[in-house]
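Asker: pasting the sequence and the predicted coordinates here, then a few questions.
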Amino acid sequence: MSLTPGTPDHPTRSGAMTPGSIATQLSKLDLPAPSNLKLTMPDSAKSPTTGAGASASGAGPVSSGPLSSTSNVFSPISTATDDTGDISGPEPEALTAARRKARSESVSEQLSATLAEMKLPQPERIFGPDEGESAAAKEHPTGKQGVSADDWEKVKLEDEVPEAVKQPGRMTHSRHTSRADAAIPKTPTIKEDPEPSTSSGQNQGTAKEQIVTPFDVEGGVDADGKEIGIDYDKLTKRFGASVISQELLDRFERVTGQKPHPLLRRGTFYSHREFNLILDRYEKGQPFYLYTGRGPSSDSMHMGHLIPFMFTAYLQRVFNVPLVIQLTDDEKYLLERDIKKQAEIMKKIKGKKPIDLLRHYKRLGQENLKDIIACGFIPEKTFIFSDLSHVGGAFYENIVLMAKTITQSQSRNVFGFSESDNVGMFHFAAVQATPSFCNSFPQIFGTRDDIPALIPCAIDQDPYFLLTRDAADRLGYKKPALLHSKFLPALQGPGTKMSASKENTAIFMTDEPKKIAKKMKSAFSGGGATQEDHKLNGGNPDVDIAYQYLSFFEEDDSKMERLANEYRAGTLSTSEMKQACIEKLQEVVAEFQKNRAAVTEEHLKYYQDATRKIDPRPKPKEDAAPATTAV
């Protein structure tokens, strides 16, 4: 059976006339012209919204701009309306679609023609170091030469390329992105300029600059592919901090009457921002307070976490001032980028919803709180709080004030955030900054806003407080002062950092004596490759992990000097250096575990009681108790 319709002038097999044949017959009749049809006719000389230019049915205005078209093969009336003026019935969908397509193509052609007439500047091509002799470079009107390798490294296009072009596989606009998004490597907080290399040949490409951000810490790699430690002098200059001088240490001892802590006098805490002004206030009997924090990432803290807390406890005993400690359980949830790691945690805790993961970090914070209390702070002068439990009232007022001073551009530049990062990451800087302002704690300082904080922290946290200090001027608050520490290196070597997620990189405060000994015996050594080589050429204590760890906890300076001299001379073996370290670490961890076991639920409630009044007045130094360095 044929489905072919009849021709316009002939009927179908069934005898029915087609629309075309009907139109032919009607055209032969002498019929009067139709009237009162109220058809929309284009009139460019009139207003598009009045008179004949307006639709009789109340349709929107007809465009008469340079990109509009009033004639089209599919529409004898107007390209700005779907009305063809046909009174025979609804228009076929295929005809409507074809007319719309033709209209779109017409607009596109006019737009292209308009852009072609515009004399827009063309981007200049930059030829790389290996393209200077290429045919394209020689054909260039100006005879372009390839740029040098150093200049080529400085050409950064990341900020100019759309996210979809850089990573076409990532749908950054999708609400489900986070489910499949891989961990995003972030750029350094302060971008490092490449150092000129003295090596030549194929090894030049293996060099890598150090990365130090609040989220990532990696040592550099030299031109020979050898890992090198963090260059702290270079880092301090880039962050704009000041190195702690011997003159400042002498003044500290003179003003406080206390010998500087080993972490201070041996350079672990090595740079500062306005620590001298804090000493001025202490001399004059003016109030200030201490502020530090902890982002809970594991059930137990390791020795790298212990360093700032034991040092802060020492400072509190020296100055006898209030201390606030922030548990950033919200930060750990917001800033965790490793989707695989999150999935493993969810499986471990048998979580089914995001709130289960958030409560997991809150629980870790309470476990870490016991570790913190074990460091020996002055109870009646210490307030510890969880962000998830405490944020509100006067504290939240300052979060809002701080948040308005930080732009999205600043967050991108300082922290390396991108469009695919959640808004909580951008906002968290305001939360971490807020404890720097004394009126965030009315139970301690009332409504006063002129009392500065002193913040001991690792150097990677400094970017948060660069923003804070900048905002303090705009808010009329006191700028916080800071003391920056170096990183406690991982067991694997000086270019690494202890990680709570990597068991074999760290000494945990829950480790038993045998486990501490086992880990230290496998730690990176600065000794010779063989016993004969070590006796002949000696070792390097500056990169030896055992010696580094001893320097953090050993009070006796003469002992440290003797160990270093004998190690360099080769008369002290690597195993003997490690044994000395093992004994000290076992002593420190045992004391810590004893203190932690004594922490009760009542202690947790006491330290976190936001209604408890704390006296902010500093005691005269003659009334202060002697500070100790023990945990």
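Answerer: Perfect, thanks for sending it. Numbering: from 1, shown residues only.
Asker: do a quick rundown of the strands in the chain.
Answerer: Under the criterion DSSP state E, the chain contains strands at 211-212, 217-218, 242-243, 269-273, 289-294, 323-327, 382-386, 453-458, 481-485.
Asker: how much space between residue 282 and residue 102?
Answerer: Relative to residue 102, residue 282 is positioned 82 Å away (Cβ to Cβ, to the nearest Å). For every residue, glycine as well, the C-beta is placed using N, CA and C.
Asker: the two: which has the busier surroundings?
Answerer: Shown here are residue 282 and residue 102; by other Cβ atoms under 10 Å, residue 282 has more neighbours (21 against 16).
Asker: show me the contacts for that one.
Answerer: Residue 282 makes contact with 255, 256, 288, 319, 618, 621, according to Cβ atoms under 8 Å, 6 or more residues apart in numbering.
Asker: now do residue 475 against residue 396, distance only.
Answerer: From residue 475 to residue 396 the distance is 15 Å (Cβ to Cβ).
Asker: from residue 344, how far off is the closest residue to residue 432 other than its chain neighbours?
Answerer: Nearest residue to residue 432 in three dimensions, chain neighbours excluded: residue 464, at 5.0 Å (Cβ to Cβ, 6 or more residues apart in numbering). For residue 464, the distance to residue 344 equals 28 Å [Cβ to Cβ].
Asker: same check, this time on residue 370
Answerer: Counting by Cβ to Cβ, the separation of residue 370 from residue 344 is 25 Å.
Asker: the more surrounded of those two?
Answerer: Taking other Cβ under 10 Å, residue 370 and residue 344 do not tie; residue 370 has more neighbours (19 against 12).
Asker: wait, doesn't that one sit right on residue 599?
Answerer: Yes - in terms of Cβ atoms under 8 Å, residue 370 counts as a neighbour of residue 599; the distance is 4.6 Å.
Asker: still on that earlier bit, by neighbour count, which of the contacts of residue 282 wins?
Answerer: Of all the contacts of residue 282, residue 319 has the most neighbours under the rule other Cβ under 10 Å, reaching 25 neighbours.
Asker: quick one: contacts for that residue?
Answerer: 256, 282, 288, 290, 618, 624.
Asker: pull up the gap between it and residue 290, please.
Answerer: To residue 290, residue 319 is 8 Å away according to Cβ to Cβ.
Asker: same question for residue 576.
Answerer: In terms of Cβ to Cβ, residue 576 sits 38 Å off from residue 290.
Asker: more neighbours: which of the two?
Answerer: Counted by other Cβ under 10 Å, residue 576 and residue 290 do not tie: residue 290 has more neighbours, with 23 against 15.
Asker: mind checking pLDDT for residue 478?
Answerer: Here the pLDDT value assigned to residue 478 is 96.
Asker: over to residue 409?
Answerer: With respect to pLDDT, residue 409 scores 87.
Asker: kindly report the same for the one 5 residues further on.
Answerer: What the model reports for residue 414 is a pLDDT of 82.
Asker: can you report how many residues neighbour it?
Answerer: Look at residue 414: counted by other Cβ under 10 Å, it has 18 neighbours.
Asker: which residues touch residue 508?
Answerer: 298, 300, 301, 302, 303.
Asker: among those residues, show me the least confident.
Answerer: Ranked by pLDDT, the contacts of residue 508 bottom out at residue 300, which scores 79.
Asker: leaving out sequence neighbours, find the closest residue to that residue.
Answerer: residue 510 (4.4 Å).
Asker: got the contact list for that neighbour?
Answerer: With contacts taken as Cβ under 8 Å, 6+ apart, residue 510 has the following neighbours: 299, 300, 593.
Asker: if you set the cut-off to 10 Å instead, what comes out?
Answerer: Contact analysis of residue 510 by Cβ atoms under 10 Å, 6 or more residues apart in numbering lists 298, 299, 300, 301, 302, 371, 589, 592, 593, 596.
Asker: top of the residues you listed by number of neighbours, please.
Answerer: Of all the contacts of residue 510, residue 301 has the most neighbours under the rule other Cβ under 10 Å, reaching 26 neighbours.
Asker: residue 254 versus that one, what's the distance?
Answerer: From residue 301 to residue 254 the distance is 34 Å (Cβ to Cβ).
Asker: show me where the stretch 401-550 of the chain has helices.
Answerer: Using DSSP state H, counting those that start in this stretch, the helices assigned to the stretch 401-550 of the chain run over residues 408-415, 423-433, 442-445, 462-475, 513-521, 531-537, 545-553.
Asker: which residues does the shortest one contact?
Answerer: Taking Cβ under 10 Å, 6+ apart as the criterion, the residues outside helix 442-445 that touch it are 287, 289, 322-324, 381, 383, 393-395, 437-439, 448, 451, 609-616.
Asker: same question for the fifth one.
Answerer: Under the criterion Cβ under 10 Å, 6+ apart, residues 303, 491, 503-508, 511-512, 545-546, 549, 574-575, 577-579, 581-583, 585-590 lie in contact with helix 513-521.
Asker: rerun that using 8 Å as the cut-off
Answerer: 491, 504, 507, 511, 545-546, 549, 575, 578, 581-582, 585-586, 589-590.
Asker: flag the least confident of those.
Answerer: When these are compared by pLDDT, residue 504 scores lowest at 72.
Asker: got any ranges where the stretch 101-250 of the chain has weak pLDDT?
Answerer: 101, 121-206, 209-229 (pLDDT under 70).
Asker: okay, now the domains of the chain?
Answerer: Here the domain parsing of the chain from the TED database is 216-497, 513-605.
Asker: mind checking how far the residue nearest to residue 300 is from residue 538?
Answerer: 36 Å.
Asker: cool, and residue 440?
Answerer: 53 Å.
Asker: who has more neighbours out of the two?
Answerer: The residue with more neighbours, out of residue 440 and residue 538, is residue 440; 25 against 19, by other Cβ under 10 Å.
Asker: just checking, the more buried one touches residue 393?
Answerer: No - distance between residue 440 and residue 393: 9.1 Å, which falls outside the contact criterion (Cβ under 8 Å).
Asker: just checking, residue 469 touches residue 273?
Answerer: Yes - between residue 469 and residue 273 there is a contact under Cβ under 8 Å: 7.3 Å.
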